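J.: Here you go, sequence then predicted model.
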Number of protein chains: 2
Amino acid sequence: MSTNREIHLASRPQGWPTADNFRLVETEVPTPGPGQIVVRNQFMSVDPYMRGRMNDVKSYVPPFQLGAPLDGGAVGEVVASEADGVKVGDTVLHGLGWREYALLDAKAARPVDPTIAPVSAYLSVLGMTGLTAYAGLLDVAGMKPGESVFVSAAAGSVGSLVGQIAKLKGAGHVVGSAGSAAKVERLKALGFDAAFDYHDGPVRDSLKAAAPDGIDVYFDNVGGDHLEAAISAMKLHGRAAICGMIAQYNDTQPPAAPRNLAMVIGKRLTLRGFLVGDHGNLREQFVRDVSGWLRDGKLTYDETIVDGIENAPEAFLGLLRGENLGKMLVRV
Amino acid sequence: MSTNREIHLASRPQGWPTADNFRLVETEVPTPGPGQIVVRNQFMSVDPYMRGRMNDVKSYVPPFQLGAPLDGGAVGEVVASEADGVKVGDTVLHGLGWREYALLDAKAARPVDPTIAPVSAYLSVLGMTGLTAYAGLLDVAGMKPGESVFVSAAAGSVGSLVGQIAKLKGAGHVVGSAGSAAKVERLKALGFDAAFDYHDGPVRDSLKAAAPDGIDVYFDNVGGDHLEAAISAMKLHGRAAICGMIAQYNDTQPPAAPRNLAMVIGKRLTLRGFLVGDHGNLREQFVRDVSGWLRDGKLTYDETIVDGIENAPEAFLGLLRGENLGKMLVRV
């Protein structure tokens, strides 16, 4: 086991990325220095925001570097430790995915308890994904009981939690959009009051049919026509939590923006972008709520698991194509 | 003095309105019934939002009716009263402008004190215009001392107050945009730290030059390229108070929207539309602040006064063309 495999950024994509933008590289399994640990990754997270990091553009996270491994959320088992307080066999969450073995400062890893939930859950429902849904819906958009909620990309990892958390927190009517009939069925099974396939017609029409009385809250993962439709459907004092705009991540031209933006005035709407990193203050409450819901069987999280680090690029490309149900993970 | 003149809506404009959309109509001076008063209007307010009311579109205020007088803020002297507590000679603020004599329920009029300020001030700095600036800047956008502020249409009635109030409340750097070199000079005289004519180049470039360190708050009266430029210039956690989008009121096609809207995510921006009517809770504090600033000579309000009710349509068209400095008023 002296070989480590990792995925490097081979070239930057123009528009949609392809397998050629990635390269599988064999290296040595690293040896920890003082204060460091080596983690054998078990699962790594594949997320839409990583598309932005493939561009050489200054943003809230630095771009991936050409010829260097990509990174991102991962969970695994400590196989070597030169750090006090971390021992071989511990399970930790950290930020060096896209490789089989990760060398990192012990301080950059957070221990997790594999007896509470499967370790993959720390990358999804109990991790950043779950907190994103929770904070965006309840804090950024400030959803109140009885309100109507619309979430796009609702069969994705964040969206499916948004819809379920909305119901658990007393939303009156929850609508989701997704990209296939099978996903729409899944949303209904998860307790969404209505769901539609955005391929079936203009989003504006589908949303109006699914939420004839309008919506109070929109959780945006998509942007574009979804955001425009949501603005049109919003009631007075509606709020949109803008989490992602996956519809335009691969655009090479500036995207069309909602042409009805002036409606924010008369309807007194709030559109608010957010990143989960700003909402760590909610973590304790989030873990308490979500752990309880999981224990009581009230919250379901779907996972789409791809095996093998060599298949991580394909998992990522599949995510951008919407092939996942729930959280897209690579079992390393 | 038995003749009353008023302006009716003769037809609905497509695109830019013209004088033909209005008609001057002579009627009788009305006689008050029980609980009613008749007001001889002295000044009437001309506002951009009235353009929207010329369309037959459901909105936050009902559309003007064809063949009926327009309405809007006005101030005048009571010339007949059948209402307890209101006597001939009182000065009142009410909502029936666009006519020489207004018949209304006394309850729909608010007495104002002409010894505190010129009566026209109750339509501008001490009225809805002033409260719009005050509430939008301090409540909707939540400006804090030391922050950088950008306001568009800054030589207009709301914009010029936004910039001055920002400075009075401790803003670090205040930038305004306007439509002529003379207006830009006026903004500098009013204490703006920087100002530019939006005809001089792309707004994005002009704003970057005027606020090289970025902005925390954008007060939007214009929309379109101004909003796009502001989003690009915003710092982390920036807020935009969306008050108006005059750039597109006369568009017959859906307007281009900010193509950089996805930046709201990484920069965690908030865009919030508002109407002054929701912020009456601030009125007391607003009057206290503004009265004090006026008394101390710290706040200046410009007025552009057009004489004669027959010239009210031209005053309104001039407002849409940006011919006013400060508040556009008709002296009836």
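T.: Structure received.

J.: pull the CA atoms of stretch A:249-264 into CSV?
T.: Output in CSV follows, covering the C-alpha atoms of stretch A:249-264 (Å, rounded to 0.1, in the frame of the first residue of the first chain):
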residue,chain,number,x,y,z
TYR,A,249,-21.8,27.4,-14.3
ASN,A,250,-20.8,26.1,-17.7
ASP,A,251,-21.9,29.2,-19.7
THR,A,252,-19.2,30.8,-21.8
GLN,A,253,-21.4,33.9,-22.3
PRO,A,254,-22.8,36.1,-19.5
PRO,A,255,-26.1,34.5,-18.6
ALA,A,256,-29.5,35.9,-19.1
ALA,A,257,-30.7,37.3,-15.7
PRO,A,258,-34.2,37.6,-14.5
ARG,A,259,-36.0,40.2,-16.7
ASN,A,260,-38.6,40.8,-14.0
LEU,A,261,-36.2,42.0,-11.4
ALA,A,262,-38.1,45.2,-11.0
MET,A,263,-40.8,43.2,-9.2
VAL,A,264,-38.6,43.2,-6.1
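
J.: Run through who's touching that stretch.
T.: Residues outside stretch A:249-264 that contact it (C-beta atoms under 8 Å, 6 or more residues apart in numbering or on different chains) are A:13-17, A:48, A:51-52, A:223-224, A:227-228, A:231-232, A:234, A:245, A:247-248, A:269-271, A:320, B:223, B:227, B:242, B:245, B:248, B:254-262, B:271-273. (Each C-beta comes from the backbone N, C-alpha and C, glycine too.)

J.: likewise stretch A:31-39?
T.: Against stretch A:31-39 from outside (C-beta under 8 Å, 6+ apart): A:29-30, A:74, A:76-83, A:86, A:92, A:94, A:96, A:101-107, A:109.

J.: Which among the contacts of stretch A:249-264 count as buried?
T.: A:13, A:17, A:48, A:51-52, A:223-224, A:227-228, A:231-232, A:234, A:245, A:247-248, A:269-271, A:320, B:223, B:227, B:242, B:245, B:248, B:255-262, B:271-273 (16 or more other C-beta atoms under 10 Å in any protein chain shown).

J.: The closest residue to chain B within the stretch 101-250 of chain A and residue B:331: what is the separation?
T.: Chain B sits closest to residue A:245 of the stretch 101-250 of chain A, with a gap of 4.6 Å, by C-beta to the nearest C-beta. Relative to residue B:331, residue A:245 is positioned 50 Å away (C-beta to C-beta, to the nearest Å).

J.: Same check on residue A:258?
T.: Distance from residue A:258 to residue B:331, by C-beta to C-beta: 41 Å.

J.: just residue A:319 next, same as before
T.: On the measure of C-beta to C-beta, residue A:319 and residue B:331 end up 65 Å apart.

J.: neighbour count winner among those two?
T.: Taking neighbours as other C-beta atoms under 10 Å in any protein chain shown, residue A:319 and residue B:331 compare with residue A:319 leading, 22 against 16.

J.: list the contacts for residue A:248?
T.: Here residue A:248 is in contact with A:223-224, A:255, B:262 (C-beta under 8 Å, 6+ apart).

J.: Only whichever of the contacts of stretch A:31-39 are buried, select them in ChimeraX.
T.: Only the buried entries of the contacts of stretch A:31-39 go into this ChimeraX selection, using 16+ other C-beta under 10 Å:
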select /A:29,74,76,77,78,79,80,81,83,86,92,94,96,101,102,103,104,106,109
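
J.: Could you tell me how far residue A:306 is located from residue A:327?
T.: To residue A:327, residue A:306 is 11 Å away according to C-beta to C-beta.

J.: and these two? which has more neighbours close in?
T.: Using other C-beta under 10 Å as the criterion, residue A:306 and residue A:327 rank with residue A:327 on top: 28 against 22.

J.: wait, what's in contact with the more buried one?
T.: A:45, A:120, A:123-125, A:129, A:157, A:301-304.

J.: Make TSV out of those residues and add pLDDT.
T.: Conversion of the contacts of residue A:327 to TSV gives the following (pLDDT from 0 to 100):
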residue	pLDDT
A:45	97
A:120	96
A:123	96
A:124	95
A:125	96
A:129	95
A:157	95
A:301	96
A:302	95
A:303	95
A:304	96
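
J.: Closest one of those to residue A:293?
T.: Nearest to residue A:293, judged by C-beta to C-beta, of the contacts of residue A:327 is residue A:125 at 8.9 Å.

J.: Which parts of the stretch 201-332 of chain A are helices?
T.: Remark: helices assigned in the stretch 201-332 of chain A by DSSP state H, counting those that start in this stretch are A:203-210, A:224-233, A:263-266, A:283-295, A:312-320.

J.: Of those helices, give the one that comes closest to residue B:280.
T.: Nearest to residue B:280 among the helices of the stretch 201-332 of chain A is helix A:263-266; the distance by C-beta to C-beta comes to 17.5 Å.

J.: wait, isn't residue A:93 in contact with residue A:128?
T.: No. If you go by C-beta atoms under 8 Å, residue A:93 and residue A:128 don't touch, sitting 9.4 Å apart.

J.: quick one, which of those two is more surrounded?
T.: residue A:93 (21 against 18).

J.: can you tell me the helix or strand for the more buried one?
T.: According to DSSP states H and E, residue A:93 maps onto strand A:91-94.

J.: May I have that strand as CSV, with CA atoms only?
T.: Only the C-alpha atoms of strand A:91-94 are listed here, as CSV (Å, rounded to 0.1, in the frame of the first residue of the first chain):
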residue,chain,number,x,y,z
THR,A,91,-12.3,8.8,11.7
VAL,A,92,-12.0,12.4,10.6
LEU,A,93,-13.6,15.0,8.3
HIS,A,94,-11.3,17.3,6.4
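
J.: give me the number of residues near residue A:178?
T.: 27.

J.: got a list of what it touches?
T.: Here residue A:178 is in contact with A:153-155, A:159, A:184, A:186-187, A:195-198 (criterion: C-beta under 8 Å, 6+ apart).

J.: Strands of the stretch 1-150 of chain A, residue ranges please.
T.: A:3-9, A:22-28, A:36-45, A:74-81, A:91-94, A:101-105, A:110-111, A:148-151 (DSSP state E, counting those that start in this stretch).

J.: Need those in TSV (columns: distance to residue B:163).
T.: Putting the strands of the stretch 1-150 of chain A into TSV (distance: least, C-beta to C-beta, whole Å) gives the following:
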stretch	distance to residue B:163
strand A:3-9	46
strand A:22-28	51
strand A:36-45	46
strand A:74-81	50
strand A:91-94	48
strand A:101-105	49
strand A:110-111	47
strand A:148-151	38
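
J.: So which of those strands is nearest residue A:64?
T.: Closest among the strands of the stretch 1-150 of chain A, using C-beta to C-beta: strand A:3-9, at 4.6 Å.
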